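Participant: My questions are about this predicted structure, shown below with the sequence.
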Protein chains: 4
Amino acid sequence: MAVKTEIGYTTPDVISVRGKNLSTEIFGKFDFIDMIYWLNFSRLPEPREKAMANLILVAAADHGLTPSALSARLTFLGAPESVQGAVAAGLLGAGSRFLGTVQNVAEMYKKGAADLDDNASDESVMECAQKLVREYRANRTPISGLGHNIHVHGDPRVPVLRDISEQHGYFGKHWRLALAIPVVLEQERGKRLPLNGAGALGAIVADMGLDGIFGRGLMLIGRAAGLVAHVREELESPTGQELWDLVLEQDPRNVKATSGY
Amino acid sequence: MAVKTEIGYTTPDVISVRGKNLSTEIFGKFDFIDMIYWLNFSRLPEPREKAMANLILVAAADHGLTPSALSARLTFLGAPESVQGAVAAGLLGAGSRFLGTVQNVAEMYKKGAADLDDNASDESVMECAQKLVREYRANRTPISGLGHNIHVHGDPRVPVLRDISEQHGYFGKHWRLALAIPVVLEQERGKRLPLNGAGALGAIVADMGLDGIFGRGLMLIGRAAGLVAHVREELESPTGQELWDLVLEQDPRNVKATSGY
Amino acid sequence: MAVKTEIGYTTPDVISVRGKNLSTEIFGKFDFIDMIYWLNFSRLPEPREKAMANLILVAAADHGLTPSALSARLTFLGAPESVQGAVAAGLLGAGSRFLGTVQNVAEMYKKGAADLDDNASDESVMECAQKLVREYRANRTPISGLGHNIHVHGDPRVPVLRDISEQHGYFGKHWRLALAIPVVLEQERGKRLPLNGAGALGAIVADMGLDGIFGRGLMLIGRAAGLVAHVREELESPTGQELWDLVLEQDPRNVKATSGY
Amino acid sequence: MAVKTEIGYTTPDVISVRGKNLSTEIFGKFDFIDMIYWLNFSRLPEPREKAMANLILVAAADHGLTPSALSARLTFLGAPESVQGAVAAGLLGAGSRFLGTVQNVAEMYKKGAADLDDNASDESVMECAQKLVREYRANRTPISGLGHNIHVHGDPRVPVLRDISEQHGYFGKHWRLALAIPVVLEQERGKRLPLNGAGALGAIVADMGLDGIFGRGLMLIGRAAGLVAHVREELESPTGQELWDLVLEQDPRNVKATSGY
């Protein structure tokens, strides 16, 4: 195996990306979603794929002072000379519990629904969900994509993500399985844990036929946009020092001098 | 100063991003570029701004086995369970010499052209470039955005980036300064160092009136897309181990066993 | 649960680390290994623990142009202003396949040997190894800590790590299990995969009664020292650009101009 | 220039680190500080150098819920499968304002005291400090290593760090310059900004004749130890979620449901 890539090569006069000349065949002709698809799949997205990819990136971008935004801001506080370090610190939290969950969930739905027909009856989908719930219980593995510490009655993103998926023909067996899992959990164990945003995005990724790593990749690209906004706001209206003080105040053993002379 | 952000807030029923309801007013209505502008500037981009932002993201995405792609692949080799770690490792190289250069260059052009009129004569632009070149020389600071180790006769991206900038009305005083600098360097010191891709992108960022951190931010977002493609290819066609072997072979003191027994 | 730590607190006059005054009770009295134990376990190490902790850190530090060293150097090439970014990029590869393996292996041995008596007979240890090998085979999970692409006849570190473990009374049931696994693999499946350095270090961590995360933590601390040496050498004798060129040469589609005028 | 390192090489039977056999000449013979010096300088430290290196690492390790510890914990909250990611996120804040400051300060003292004799009179040291203060003021560059938001009357670490430096013969011209700078600032501008811990550590690094990158490197190695302790405590007594809630509470627009139904 050689050390080479099919993604691109370079000569003094040409930069080639998957067979197209970057300057003359891509610049001004591809938008960013086209480029993401071209780089990853050597093809352009259909219009409905482009709509969904935009939706995933938008959904990943941000919603306030999340742990990843806080990490980025705290990193920027110590190292304002390294914007890339702040963004990287924010992305490092996109693991199995936040953001990166989309990969885990997409892979779980794909494996769980592997034997399910695209036109499966509601009964078959429910059985599939029951099987998955029991397996996870037997292995004492928590099921990702469920519940939310703020949106306790249901994540407001989920119905809209579902509607848009239906509009574009991406409400398939993975979405149905995703929605059946909380029903099974409530019926069998009395637990109310509605599908959350990451669960819905994982269902979209699976119903679009995309792989889990690509799904997590879209989350990282989208979140990078939110982190850039946080770093820029941090520069204008710093919160890092105040956040540090706020944390220290939680433990009465920490004492801050009342005046600095 | 409180620990709060104007970027967004959350209630059980609503996720608000700069005053708009994420689910009902943003999902399906904003594309990713709209969201980047909304998050960062609380406004939507004009069509020509959207075209240029797409262009910058596309230009940042990738061109083959660059140092950032290699870092991401080598990181993935050791930690395949952490796609976010591989992408973060790749982004950490977006510093003052690669990719992140766009920030440095944009800030240099903005400062250098601060007193230059938008309709400045060619003579004024040349004088401005001469002043900048002399100042950097006096401080022994290298001028970023010039020369390329492969595209030695001129970076093939630059003329296309210029054309598209002109089409959209973003060929202004910063672009003119950027193009004047290599002319001055050749005239005064006999050095031929044409404007490179990062230099051209920095000129675009400056002529669009964007700040340097936002410029670097677009580079990070765009490159994340390329790194995702590299990680996915690395999973299918691994190069990391081969790259390691290739490096070890460069020093004859390293000896690899010829067979496993 | 409050946002607080038992690790330390601060007043205008005192920095307290686990109940000791950093300035008057720790500085000049604790060496670094004392501090690592104090921070993590609220106690000082015994002399034999200190010897072993030093050994693990030394073993983790470095051995040449490994993937983590290459990532750090390639990151430094793009962002020389951010030494922390280069070191972080190098550490991000300490995952389940390199370096971080010590955590996975230590946890595997601990779980595998949970029912094994400290004075178990050789037969019991072999049975335990057989059980582990069969379980991993049944789950199609590879066993970490075995084999090495360069040290194909056996990792030269392993016998020395074993001797030093024995000297200090840390050659226990986890070490014995670790050594039994390759024997079982050869007997049952004809595969020759000797214990490697990470496997031996995982056995040490387990026989010292330490948790897996602490084991991985020592690897990260130790490797940071090696990465600092690589970044400093990279500053004096850069290899990053040469490495990039070397990689591009592997694909004949990449063409470098023969001269730059 | 070839892609090679003088740090080490590997054959099937030998791992060589700067000319010594890792297994037979280093394991069990070098402690971690020996290894740090061997890797970086191809020599072993003198006893007094070892004492000081231990002191720097101990001082860097930790003091509670600092921004770097918070970043590591918030990252671990999202990605508990990646301990290396949490540690890397924590280290990324070791920039020009926290921790990494030691490099900046050491380089500032070295440059500032370059023309100062080792036995310079107090007057010469004061003049040197005045010159430095004026230069920084003229360039509108803040002087690092001064002041502390908690230790407003003086950093309690500084006198102890000074005493230990004197004991080991490392209280030289850089320490004297470091202590003269706040005196000048108070005399000339009425500002009271005592030398802080980072300033003192930078003085030590400079008086030991070490380079700034090595100084920052020691801070990274030492802090890694503290971050490991924080990640391990986070696993046992999680604070990340509580910290997130605490932040959201600061903005009354954020509303959390009072109960789960």
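Facilitator: Right, received. Where do you want to start?

Participant: which residues of chain A score low on pLDDT?
Facilitator: A:1, A:257-261 (pLDDT under 70).

Participant: what about the helices in it?
Facilitator: In chain A, the segments counted as helices under DSSP state H are A:32-41, A:47-61, A:67-78, A:83-91, A:101-112, A:122-138, A:157-167, A:173-189, A:197-207, A:212-236, A:240-249.

Participant: export those to TSV and tack on mean neighbour count and distance to chain B?
Facilitator: The C-beta positions use only the backbone N, C-alpha and C, and glycine is treated the same way. Supplementary listing: the helices of chain A in TSV, determined by neighbours: other CB atoms under 10 Å in any protein chain shown; distance: least, CB to the nearest CB, whole Å:
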stretch	mean neighbour count	distance to chain B
helix A:32-41	23	4
helix A:47-61	23	4
helix A:67-78	30	8
helix A:83-91	33	4
helix A:101-112	24	7
helix A:122-138	16	19
helix A:157-167	18	4
helix A:173-189	20	16
helix A:197-207	28	9
helix A:212-236	25	3
helix A:240-249	18	5
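
Participant: could these be laid out in CSV, adding distance to D:Val83?
Facilitator: Below are the helices of chain A laid out as CSV (distance: least, CB to CB, whole Å):
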stretch, distance to D:Val83
helix A:32-41, 29
helix A:47-61, 24
helix A:67-78, 15
helix A:83-91, 15
helix A:101-112, 18
helix A:122-138, 24
helix A:157-167, 31
helix A:173-189, 30
helix A:197-207, 22
helix A:212-236, 19
helix A:240-249, 22
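
Participant: Get me the contact residues on chain A for chain C.
Facilitator: For chain A, the contact set with chain C under CB under 8 Å from any CB of the partner chain comprises A:2-5, A:9-12, A:16, A:79, A:81-82, A:84-85, A:88, A:92, A:247-248, A:250-251, A:253-257.

Participant: what's near enough to touch A:Thr10?
Facilitator: Neighbour list for A:Thr10: A:Ser16, B:His63, B:Gly64, B:Ile150, C:Leu248, C:Asn254, C:Val255 [criterion: CB atoms under 8 Å, 6 or more residues apart in numbering or on different chains].

Participant: Kindly apply the preceding question to A:Met108 instead.
Facilitator: Counted by CB under 8 Å, 6+ apart, A:Met108 has contacts A:Leu132, A:Ile143, A:Ser144, A:Gly145, A:Gly202.

Participant: Roughly how far does it sit from A:Leu99?
Facilitator: Remark: distance between A:Met108 and A:Leu99 (CB to CB, to the nearest Å) = 16 Å.

Participant: got it, and A:Lys191?
Facilitator: In terms of CB to CB, A:Lys191 sits 24 Å off from A:Leu99.

Participant: Name the residue in the two with the higher neighbour count.
Facilitator: Neighbour totals were compared for A:Lys191 and A:Leu99, and A:Leu99 leads with 27 against 12 (other CB atoms under 10 Å in any protein chain shown).

Participant: who's in contact with that one?
Facilitator: A:Ala60, A:Ser68, A:Gly93, A:Ala198, A:Arg216, A:Met219, A:Leu220, A:Arg223, B:Gln84, D:Gly78.

Participant: And those residues, which is closest to chain C?
Facilitator: Using CB to the nearest CB, B:Gln84 comes nearest to chain C of these, at 9.2 Å.

Participant: Pull the contacting residues for that closest one.
Facilitator: When the contact criterion is CB under 8 Å, 6+ apart, the partners of B:Gln84 are A:Leu91, A:Leu92, A:Gly93, A:Ala94, A:Gly95, A:Leu99, A:Gly100, A:Arg216, A:Leu220, D:Ala79, D:Ser82, D:Gly85.

Participant: follow-up on the earlier one: can I get the contacts of A:Thr10 in a markdown table including distance to chain D?
Facilitator: What follows is the contacts of A:Thr10, written out as a markdown table (distance: CB to the nearest CB, whole Å):
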| residue | distance to chain D |
| --- | --- |
| A:Ser16 | 25 |
| B:His63 | 21 |
| B:Gly64 | 18 |
| B:Ile150 | 18 |
| C:Leu248 | 13 |
| C:Asn254 | 17 |
| C:Val255 | 20 |
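
Participant: Return the distance of A:Val105 relative to A:Ala120.
Facilitator: As judged by CB to CB, A:Val105 and A:Ala120 stand 19 Å apart.

Participant: same thing with A:Asp251?
Facilitator: If you measure A:Asp251 against A:Ala120 using CB to CB, the figure is 54 Å.

Participant: got it, and A:Gly85?
Facilitator: 48 Å.

Participant: can you pull the contacts of the residue in the stretch 51-200 of chain A that chain C sits nearest to?
Facilitator: Across the stretch 51-200 of chain A, the shortest distance to chain C (CB to the nearest CB) belongs to A:Ser82, at 4.4 Å. Shown in contact with A:Ser82 (CB under 8 Å, 6+ apart): B:Gly95, C:Ala79, C:Glu81, C:Ser82, C:Gln84, C:Gly85, D:Leu92, D:Gly95.

Participant: before we move on, what about A:Leu92?
Facilitator: Listed by CB under 8 Å, 6+ apart, the contact partners of A:Leu92 are A:Ser71, B:Gln84, B:Gly85, B:Ala88, C:Leu92, D:Thr75, D:Ala79, D:Ser82, D:Gly85, D:Ala86, D:Ala88, D:Ala89.

Participant: mind listing what A:Ala229 touches?
Facilitator: Residues near A:Ala229 by CB under 8 Å, 6+ apart: A:Asp62, B:Ile7, B:Leu39, B:Asn40.

Participant: Turn the residues you listed into a markdown table, including distance to chain D.
Facilitator: Below are the contacts of A:Ala229 laid out as a markdown table (distance: CB to the nearest CB, whole Å):
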| residue | distance to chain D |
| --- | --- |
| A:Asp62 | 14 |
| B:Ile7 | 11 |
| B:Leu39 | 17 |
| B:Asn40 | 19 |
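
Participant: now, which of the contacts of A:Met108 sits nearest B:Val183?
Facilitator: B:Val183 lies nearest to A:Gly202 out of the contacts of A:Met108, by CB to CB, at 53.8 Å.
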